[in-house]
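**Q** Mind looking at a prediction? Sequence and model below.
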Amino acid sequence: MCIPKESKFLAVDASQCMGCRNCELACCTRKVEHYGNEAKPGDIRIMPNIIIGHDGNGSKPAFCRHCSEAFCEKLCPVNATIKVNGVILFDKTKCNGCGICEQACPYGVITIGTFKINEITKKLATKCDLCIDRRINDEEPACYAACPTKALALI
């Protein structure tokens with residue numbers, strides 16, 4: 001798996017976010033494009049890995065920060081995390097869906113989903129992977145490309 005050596009990460013300017021949810025839709029669309037050919041109906045539940053939250057001060061996207069000292073990575077009992085050029089990924093062959101990473105994430109952006117892999121139903125951790133499949137092809141993450149106000153930045 002080849003991620004550009006100088007990986008760029010998402011940052012948000014909450015004052016620019018208008019809560020349109022284009023980023024969420026782009027994330028889901030990307031997943032359908034990425035997994036759609038392999039999956040049968042009911043095999044996977046498409047959920048965005050970026051979530052728009054609303055508070056008294058407006059809208060703000062929540063997404064994986066790929067922490068340098070990531071609790072999900074440190075606490076995973078089966079070492080299912082992989083860090084490639086700073087991007088934290090989950091190894092679906094190792095993940096047992098225990099949910100410790102979900103509880104440990106200070107941003108609340110890891111979810112445990114049910115997936116069907118080779119006819120076997122399995123619980124797996126899932127989170128933003130910075131659209132690794134797009135990045136390999138020198139494309140921007142789907143959420144970033146879809147943001148009409150440029151509230152998301154690549155730094």
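**A** That came through fine. Numbering: from 1, shown residues only.

**Q** Can you list the strands that the worst-scoring helix or strand of the chain on mean pLDDT pairs with?
**A** Of all helical and strand segments in the chain, the minimum by mean pLDDT, DSSP states H and E falls on strand 111-117, at a mean of 83. In the sheet, strand 111-117 lines up against strand 120-126 (antiparallel) (DSSP bridges).

**Q** So what's the gap between the partner strand and the chain middle?
**A** Taking C-alpha atoms, centre = their mean, to the nearest Å, one finds the center of strand 120-126 at 15 Å from the center of the full chain.

**Q** and what of stretch 124-132?
**A** That offset, for stretch 124-132, works out to 3 Å (C-alpha atoms, centre = their mean).

**Q** Likewise for stretch 48-62?
**A** Remark: stretch 48-62 is offset 15 Å from the chain centroid, using C-alpha atoms, centre = their mean.

**Q** What residues of it count as buried?
**A** Pro48, Asn49, Ile50, Ile51, Ile52, Ser59, Lys60, Pro61 (16 or more other C-beta atoms under 10 Å). All C-beta atoms are positioned from the backbone trio N, CA, C, and that covers glycine.

**Q** do the same with stretch 119-134
**A** Across stretch 119-134, burial judged by 16+ other C-beta under 10 Å covers Leu124, Ala125, Thr126, Lys127, Cys128, Asp129, Leu130, Cys131, Ile132, Asp133, Arg134.

**Q** all strands for the chain, in order.
**A** All strands of the chain, identified by DSSP state E, fall at 10-12, 51-55, 58-62, 81-84, 87-90, 111-117, 120-126, 152-154.

**Q** Could you tell me the angle between the third one and strand 51-55?
**A** The one in question is strand 58-62. 150 degrees (axes from the mean of the first three to the mean of the last three C-alpha atoms, to 10 degrees).

**Q** Put the alpha carbons of strand 58-62 into PDB.
**A** Written as PDB, here are the backbone C-alpha positions of strand 58-62 (Å, rounded to 0.1, in the frame of the first residue of the first chain):
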ATOM      1  CA  GLY A  58     -22.600  26.300  14.700                       C
ATOM      2  CA  SER A  59     -21.600  23.300  12.700                       C
ATOM      3  CA  LYS A  60     -18.300  21.400  12.900                       C
ATOM      4  CA  PRO A  61     -17.100  18.300  11.100                       C
ATOM      5  CA  ALA A  62     -15.600  15.400  13.300                       C
END
